[in-house]
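Asks: Sharing a sequence plus its predicted fold:
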Amino acid sequence: DVKVTQSSRYLVKRTGEKVFLECVQDMDHENMFWYRQDPGLGLRLIYFSYDVKMKEKGDIPEGYSVSREKKERFSLILESASTNQTSMYLCASSSGGANTEAFFGQGTRLTVV
Amino acid sequence: AQTVTQSQPEMSVQEAETVTLSCTYDTSESNYYLFWYKQPPSRQMILVIRQEAYKQQNATENRFSVNFQKAAKSFSLKISDSQLGDTAMYFCAFMKHGSGNTGKLIFGQGTTLQVKP
């Protein structure tokens, strides 16, 4: 089974903290993604990566950065957490090309207080 | 830019009955994929069904089928013989196809479906 694992299911951080959300996939996928899920807004793409050390901004990158030093790991970084970043964060991976299915992690519910 | 709209925030259905979830999208692309993903209370997002835009035949996966109307840019999901395990949030999603495809998905707002015993 393809597995995408996010390091935490629940996280509580203070305003101004630097926050790291980690994601690991075990299927040698080229593409990895970070989405943010909010009620009434669905999932919105923050950043994605199509190769090691390669990254592109998604639709809502402000306040976030990412790191992909190894193919299997994709990290989302909140440089200075703010209360409006309280949300559910979902990591996904896909092999790209003709295989279009994305596989998701179980999500991290982040609360910034 | 592509957009995906799900106009039904919540729906409910009795067990064993049939329910249809609506989705419309807007794109100028001619070649693309459409998806329905399911997110149960466990939060694990799972692919339900996929449709390639160039295929006229509607996709079917067991009790799940779609009604794909390309000209109308409509992509509804029909769940037959609903089961309690179908209770979840359902997301419609769009992906551009062809060169430069990076696998980026554009999601609708989601529809929460409750199956009642």
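Replies: Thanks, I have it.
Asks: in chain A, which spans are helices?
Replies: Using DSSP state H, chain A contains no helices.
Asks: where does the chain dip in pLDDT?
Replies: Because you didn't say which chain, this covers chain A. A:1-2, A:97-99 (pLDDT under 70).
Asks: That was the other one, I meant chain B.
Replies: Scanning chain B with the threshold set as pLDDT under 70 gives B:99-101.
Asks: which bits of it sit near chain A?
Replies: B:4, B:6, B:9, B:33, B:35, B:42-47, B:50, B:91, B:95, B:97, B:101-110 (C-beta under 8 Å from any C-beta of the partner chain). Using the backbone N, CA and C atoms, a C-beta is placed for each residue, glycine as well.
Asks: how about the residue nearest to the spatial centre of chain B, what does it touch?
Replies: Centroid-nearest residue in chain B: B:Trp36, 2.9 Å away (criterion: C-alpha atoms, centre = their mean). By C-beta atoms under 8 Å, 6 or more residues apart in numbering or on different chains, B:Trp36 lies in contact with B:21, B:23, B:47-49, B:64, B:66, B:77, B:90-93.
Asks: from memory A:Thr111 sits against A:Lys13, does it?
Replies: Yes. Counting by C-beta atoms under 8 Å, A:Thr111 touches A:Lys13, with 7.4 Å between them.
Asks: Pull out the buried positions in stretch B:1-9.
Replies: B:4, B:6, B:8 (16 or more other C-beta atoms under 10 Å in any protein chain shown).
Asks: no no, stretch B:103-112
Replies: B:103-111.
Asks: In a markdown table, list those residues along with secondary structure.
Replies: Below are those laid out as a markdown table (DSSP: H, G, I helix; E, B strand; the rest coil):
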| residue | secondary structure |
| --- | --- |
| B:Gly103 | coil |
| B:Lys104 | coil |
| B:Leu105 | coil |
| B:Ile106 | strand |
| B:Phe107 | strand |
| B:Gly108 | coil |
| B:Gln109 | coil |
| B:Gly110 | coil |
| B:Thr111 | strand |
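Asks: Can you pick out the residue with more neighbours from A:Thr111 and A:Lys13?
Replies: Comparing A:Thr111 with A:Lys13 by other C-beta atoms under 10 Å in any protein chain shown, the one with more neighbours is A:Lys13, at 16 against 13.
Asks: Okay, the spatially most central residue of chain A and chain B: tell me how far apart.
Replies: Geometric centre of chain A, nearest residue: A:Trp34, 2.8 Å, by C-alpha atoms, centre = their mean. Counting by C-beta to the nearest C-beta, to the nearest Å, the separation of A:Trp34 from chain B is 12 Å.
Asks: That residue touches A:Ser65, doesn't it?
Replies: No. Counting by C-beta under 8 Å, A:Trp34 stays clear of A:Ser65, with 10.4 Å between them.
Asks: any residues in contact with both of these two?
Replies: Common neighbours of A:Trp34 and A:Ser65 (C-beta under 8 Å, 6+ apart) are A:47, A:76.
Asks: Do you have the strands of chain A handy? List them.
Replies: A:4-6, A:10-13, A:19-25, A:31-38, A:42-51, A:54-57, A:64-70, A:73-78, A:87-94, A:103-104, A:108-112 (DSSP state E).
Asks: Okay, angle between the third one and strand A:108-112 too, please.
Replies: Our comparison of strand A:19-25 with strand A:108-112, counting by axes from the mean of the first three to the mean of the last three C-alpha atoms, to 10 degrees, yields an angle of 180 degrees.
Asks: Thank you, goodbye.
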